[in-house]
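[1] Fold the following and give me the result.
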Amino acid sequence: MTNHRVGTQEEWQAARDALLAEEKDLTRRNDELAKKRRELPWVPVEKDYSFETQAGTKSLVELFDGRSQLLIYHLMFGPTYEASCPVCSSIADTIDPNAVHLAARDVTMLLASRAPLEPLQAYKERMGWSIDWVSSAGSDFNRDLGFLHTEEELRPFLEGEIPPTVKHNAESCGTDVAAYVAEGPGLSAYALSDGTVYRTYVTTARGLEPAMAYYALLDRTPIGRNEGDAAVRWLRRHDEY
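    Next up is the predicted model:
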């Protein structure tokens with residue numbers, strides 16, 4: 001017997017209509033926030049970053065690949081990792097098939113990680129992704145964006161009680177906790193205008209949820225995300241379920 005409230009079709013429809021009004025308000029609010037996001041001031045990128053790609057070493061401006069906008073997902077795959085973070089992998093699963101549609105809107109979308117190019121390409125083949133993936137190893141790119149942390153910065157966290165999810169994901173990546181949490185996930189956006197690259201937006205943590213399409217779908221199921229104490233430990237790489 002279900003413990004959930006049960007009602008008539010009429011009761012459901014009345015509640016659904018009330019919820020729909022709130023959903024529409026949220027949609028309008030999201031539109032307002034999107035506009036404010038686009039209105040953020042642009043910051044010139046003055047440092048020369050270099051990236052290892054399958055086509056050789058490239059600069060940040062070359063990553064635009066002839067387009068005026070660039071989106072980079074900073075995927076957690078550190079130098080000592082044997083595999084990508086499973087959560088980041090699930091995000092890349094969503095990003096990969098959408099890259100072609102973004103390209104049609106003058107946006108180059110790619111992945112960037114600090115591991116050397118060879119293991120990144122091997123993992124990309126395993127996952128079946130077609131999106132470009134570059135290595136930022138040897139540059140300050142991740143550090144300057146706040147997606148790389150020193151052991152000293154992490155010391156209070158590492159000396160405390162490590163959450164089970166962190167231990168699980170570190171083990172899943174074939175590395176230790178310190179190396180795992182040194183990396184950070186994130187999304188950064190850039191514009192190219194008159195030969196100058198501008199940073200326009202950066203986000204991390206729950207700001208990445210738009211790229212986790214399964215959460216939006218789970219939010220519409222009867223049970224919802226239903227993560228409880230397991231948090232994101234339920235997530236697996238798509239070839240591990």
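[2] Residue 134 belongs to a strand, doesn't it?
    Yes - according to DSSP: H, G, I helix; E, B strand; the rest coil, residue 134 belongs to a strand.
[3] which non-adjacent residue is nearest it?
    With sequence-adjacent residues excluded and distances taken as C-beta to C-beta, 6 or more residues apart in numbering, residue 134 is closest to residue 51, at 4.2 Å. (Each C-beta comes from the backbone N, C-alpha and C, glycine too.)
[4] what about the longest helix in the chain?
    Criterion DSSP state H: the longest helix present in the chain is helix 9-38.
[5] Show the subsequent helix or strand relative to that one.
    Next helix or strand after helix 9-38 toward the C-terminus (DSSP states H and E): strand 43-44.
[6] Show me what that following strand is in contact with.
    For strand 43-44, contacts defined as C-beta atoms under 8 Å, 6 or more residues apart in numbering pick out 196, 197, 198, 199, 200.
[7] That strand pairs with which strands, and in what direction?
    Here strand 43-44 is paired, per DSSP bridges, with strand 196-203 (antiparallel).
[8] quick one: the strand it pairs with to helix 9-38, angle?
    Here strand 196-203 points in a direction 150 degrees away from that of helix 9-38 (axes from the mean of the first three to the mean of the last three C-alpha atoms, to 10 degrees).
[9] Pull the number of nearby residues for residue 105.
    Residue 105: 8 surrounding residues under other C-beta atoms under 10 Å.
[10] Kindly report the same for residue 72.
    Residue 72, neighbours per other C-beta under 10 Å, totals 23.
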